[in-house]
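**Student:** Provided below for reference: sequence and predicted model.
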Amino acid sequence: MLEIRGLTASVGGNDILKGIDLTVPDGEIHAIMGPNGSGKSTLGYVLAGREDYEVTGGSASFNGIDLLAMEPEERAAAGVFLAFQAPVELPGVNNANFLRTAVNAIRRAQGEEELDAVQFLKLARAETKRLHMPDDMLKRNVNVGFSGGEKKRNEVLQMALLKPRLAILDETDSGLDIDALKIVADGVNALRGPGFSALVITHHQRLLDHLVPHRVHVLSKGRIIRSGGPDLAKELEKSGYASLIAEAA
């Protein structure tokens, strides 16, 4: 379970999060929506431990673990995964080697045996096939020369291999066509079940058509101003945020 209470945070001296209260029960997918500049990505970065994002108050825990007291790599080892809105390129770093190193680091932290090269490639190829990714993507450098859709699929591939307990998707649907959007959603849905929760940050209701979240939360000016079921996203698609923001003012 993800439990956030009174979370405040700043970036470069500017207050962004101004008191977030949010609970994501075990096994549930929750969506975060809101206008640009409302603090959606900041919330994801704070939970993942990205540097330069200063927590100024409140708490955040996952399955009883104090996330805010942990280094980013410790959060990853505990099962927290962040899919970036704009995945970075890593020239000179082979994708398969990068993924195997990440998978084995998590396995070591969780007391499991590491995968040798043959075991890993068998697993990785099965996942690339499921995600409709060509095998040669494993041979390329991480995200170098990848299209926008390929970069997002590579993020979902990482998630599928790492099997996190909490996945934070920061606008992973941004810039995707309909087919790629469904592949991203299918990657998340494949992990659904007890022991997996997700916080999906998105501008678009169309992703939620495939994911069908348990709850939708609207963030504005650093605060959650309304929460509801999946129909809330459809309401926002029709009417926008203005009326909700006006009501919350």
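**Tutor:** Structure's in. What do you need?

**Student:** Please count neighbours and contacts with C-alpha atoms only from this point.
**Tutor:** Fine.

**Student:** And the helices in the chain, which stretches?
**Tutor:** 40-48, 72-77, 95-109, 117-130, 148-162, 178-189, 205-211, 231-239, 242-248 (DSSP state H).

**Student:** nearest to Thr172, of these?
**Tutor:** Taking Cα to Cα, helix 148-162 is the member of the helices of the chain nearest to Thr172, at 6.3 Å.

**Student:** and that closest one, what other elements does it pack with?
**Tutor:** The contact analysis (3 or more Cα pairs under 8 Å, 6 or more residues apart in numbering; DSSP states H and E) places helix 148-162 against strand 80-83, helix 95-109, helix 117-130, helix 178-189.

**Student:** neighbouring contacts of it?
**Tutor:** 81, 83-84, 87, 99, 102-103, 106, 123-124, 127-128, 131, 133, 143, 167, 172-173, 175-177, 180, 183-184, 187-188, 191 (Cα atoms under 8 Å, 6 or more residues apart in numbering).

**Student:** give me that answer again for 6 Å
**Tutor:** Ala83, Val103, Asn143, Leu176 (Cα atoms under 6 Å, 6 or more residues apart in numbering).

**Student:** can you tell me which of those residues lies nearest to Leu67?
**Tutor:** Ala83 (17.3 Å).

**Student:** Dump the contacts of helix 148-162 to JSON lines, plus pLDDT and neighbour count.
**Tutor:** Below are the contacts of helix 148-162 laid out as JSON lines (pLDDT from 0 to 100; neighbours: other Cα atoms under 10 Å):
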{"residue": "Ala83", "pLDDT": "90", "neighbour count": "20"}
{"residue": "Val103", "pLDDT": "96", "neighbour count": "20"}
{"residue": "Asn143", "pLDDT": "92", "neighbour count": "22"}
{"residue": "Leu176", "pLDDT": "75", "neighbour count": "17"}
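
**Student:** Just give me the closest of those to Leu199.
**Tutor:** Distances from Leu199 to these, taken by Cα to Cα, are shortest for Ala83, at 10.5 Å.

**Student:** Settle this for me: that closest one is touching Leu169, isn't it.
**Tutor:** Yes - counting by Cα atoms under 6 Å, Leu169 is a contact partner of Ala83 at 4.8 Å.

**Student:** on that earlier part again, out of the contacts of helix 148-162, the closest to Leu207 would be?
**Tutor:** Taking these together and measuring to Leu207 by Cα to Cα, the closest member is Leu176, at 10.0 Å.

**Student:** For burial, what's the neighbour tally of the closest residue to that closest one other than its chain neighbours?
**Tutor:** In space, and not counting its chain neighbours, Leu176 is closest to Gly149: 5.7 Å by Cα to Cα, 6 or more residues apart in numbering. A count of nearby residues for Gly149, using other Cα atoms under 10 Å, gives 20.

**Student:** One more: Ala124?
**Tutor:** Ala124, neighbours per other Cα under 10 Å, totals 21.

**Student:** Check Glu73 too.
**Tutor:** 14.

**Student:** what do you get for Thr202?
**Tutor:** Neighbours of Thr202 (other Cα under 10 Å): 23.

**Student:** Report the contact partners of the closest residue to it other than its chain neighbours.
**Tutor:** Excluding its sequence neighbours, the residue lying closest to Thr202 (Cα to Cα, 6+ apart) is Glu171, at 4.8 Å. By Cα under 6 Å, 6+ apart, the contact set of Glu171 is Gln85, Ile201, Thr202.

**Student:** can you check Ala60 too?
**Tutor:** Ala60 touches Glu3, Ile4, Leu67, counting by Cα under 6 Å, 6+ apart.

**Student:** which residue packs closest to it, ignoring adjacent ones?
**Tutor:** That would be Ile4: by Cα to Cα, 6+ apart, it lies 4.4 Å from Ala60.
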